[in-house]
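**Student:** need coordinates for the below:
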Amino acid sequence: MDSTTPPVSGTPFSYQSPPPVITPPPAVRPPRRWGWIIVSIVLFLLLGLSVLINIGGFFSSLASVGGHQHRDGGPRLEEIVVEEHKGPDKIAIVPIEGIISAHQGDRGGYDMVEIIKAQLQRADDDNDVKAVILRVDSPGGEVLASDEIARHLTKFQKTSGKPVIVSMGSLAASGGYYVSAPCSWIVANELTITGSIGVIMHGYNYRGLMDKIGLKPDVYKSGKFKNMLSGDRAPEEIAPEERAMVQKLIDDTYGKFKDVVATGRKAAHDGNKEAHALAKDWTDYADGRVVSGKDALEIGLVDEIGNFEDAVARTKKIAHIVGSASLIEYRQRMDFADIFGLLGKTEARVVKVDLGIESPKLQAGCMYFIAPTYIH
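**Tutor:** Numbers count the residues shown, from 1 in each chain. This next block holds a predicted model:
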């Protein structure tokens with residue numbers, strides 16, 4: 001010990017450790033406010049969608065001014081080139097596929113009749129379109145929708161002077177044949193199922209089931225025929241005159257069907273002597289039966305056995321097209337405004353399962369031109 005250091009009295013000398021170092025706790029980051037982040041993202045997306053809708057509406061208005069929209073305010077159609085060839089001449093393809101119906105379905109707010117009418121109008125307005133090929137693959141459908149389409153086809157040929165040639169697919173029966181009959185020429189494959197000239201009204205009588213469970217109808221009506229076609233009456237309660245009235249409705253519509261066939265096939269034969277005339281006994285086959293394309297040729301219901309390429313060749317000949325012609329379609333265009341409108345609809349949605357076939361939903365009390373094998 002140094003002599004200058006004063007002695008410590010009472011305790012022995014000991015080593016004292018330095019004070020401990022206190023480490024501050026790590027800073028706690030404030031929790032993320034995910035609610036505000038999600039709200040901001042949603043608002044940003046809505047803003048972007050609004051801008052896109054406005055842009056789409058702007059270009060849609062420009063397109064409608066340029067003739068892409070039916071002049072009566074119908075569906076917006078876009079010309080699509082299916083097969084391009086040199087030269088200005090064009091042949092427009094108008095498809096009729098599936099059940100013929102006047103219901104809107106999945107066509108952007110327009111039914112099949114409105115779309116076909118607009119397609120024919122576009123073909124009429126375009127001077128480069130020399131003819132139309134009606135591509136039919138349908139078992140038929142509603143009476144009124146079939147008649148409206150046939151009427152538009154007749155008017156189109158008369159006002160435009162452009163022929164309509166039918167190319168039948170695997171099925172062109174009942175209403176599918178009804179819309180084909182007014183056309184200038186009909187091409188069918190020898191295995192095409194066609195014909196089925198007739199009318200059907202379908203319904204169910206469930207009175208027997210009601211009696212079994214003890215359920216009885218309680219009906220108030222203004223006249224004795226006000227509940228015609230009701231399925232809750234016993235068969236013996238249906239008066240004979242009521243059955244006669246319903247049958248008359250069927251017979252009158254059936255007579256219209258045969259008249260459309262006779263008038264259309266005669267006009268085709270008068271306009272082109274190569275077209276087949278109806279056989280003298282053709283009405284014997286107009287009893288609802290389906291026939292093959294080969295048999296239809298012998299009866300005079302079609303004019304030629306062939307495929308779509310044969311229909312194109314025949315169209316060029318009938319329309320006096322020299323050289324080649326481009327094949328086009330007028331397809332319905334869906335823009336952002338249409339999509340937004342569909343999303344905004346409030347009616348109940350139905351989940352659809354695609355089984356590869358289309359099952360028609362026949363309404364009781366409605367008349368149909370439809371092939372019997374498609375009635376469920």
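**Student:** from here on, contacts and neighbour counts on C-alpha atoms
**Tutor:** OK.
**Student:** what about the closest residue to Ile299 other than its chain neighbours, how many neighbours?
**Tutor:** Nearest non-adjacent residue to Ile299, counting by CA to CA, 6 or more residues apart in numbering: Ala279, 5.1 Å away. Ala279: 13 surrounding residues under other CA atoms under 10 Å.
**Student:** and Ala279, which of the three is it?
**Tutor:** coil (DSSP: H, G, I helix; E, B strand; the rest coil).
**Student:** and it, how far from Gly74?
**Tutor:** Note on Ala279: its distance to Gly74, by CA to CA, to the nearest Å, is 40 Å.
**Student:** next secondary structure after the helix or strand of the chain with the lowest mean pLDDT?
**Tutor:** The helix or strand with the lowest mean pLDDT-type score in the chain, counting by mean pLDDT, DSSP states H and E, is helix 336-343 (a mean of 50). Per DSSP states H and E, the first helix or strand lying C-terminal to helix 336-343 is strand 367-370.
**Student:** so in that sheet, which strands flank that following strand, and in what orientation?
**Tutor:** strand 140-142 (antiparallel), strand 200-201 (antiparallel) (DSSP bridges).
**Student:** grab the nearest non-local neighbour of Ala150.
**Tutor:** Ala150 sits nearest to Val179 (CA to CA, 6+ apart), 4.7 Å away.
**Student:** thought the one you found was touching Ser146?
**Tutor:** Yes: with contact defined as CA atoms under 8 Å, Val179 reaches Ser146; the gap is 6.1 Å.
**Student:** what ranges in the stretch 201-350 of the chain fall below the confidence cut-off?
**Tutor:** Filtered on pLDDT under 70, the stretch 201-350 of the chain yields the residue ranges 334-350.
**Student:** so what's Gly306 closest to, chain neighbours aside?
**Tutor:** Asn189 (5.0 Å).
**Student:** for this protein, which segments count as helices?
**Tutor:** Secondary structure of the chain (DSSP state H): helices located at 34-65, 112-125, 143-160, 175-178, 207-213, 240-271, 293-299, 308-318, 336-343.
**Student:** the second one - contacts with which helices or strands?
**Tutor:** Identification of packing neighbours for helix 112-125 by 3 or more CA pairs under 8 Å, 6 or more residues apart in numbering; DSSP states H and E yields strand 90-97, strand 129-138, helix 143-160, strand 326-332.
**Student:** residues of it that come out buried?
**Tutor:** 112-124 (16 or more other CA atoms under 10 Å).
**Student:** ok, stretch 226-240 next?
**Tutor:** 229-230, 232-233.
**Student:** how far off centre is that stretch?
**Tutor:** 35 Å (CA atoms, centre = their mean, to the nearest Å).
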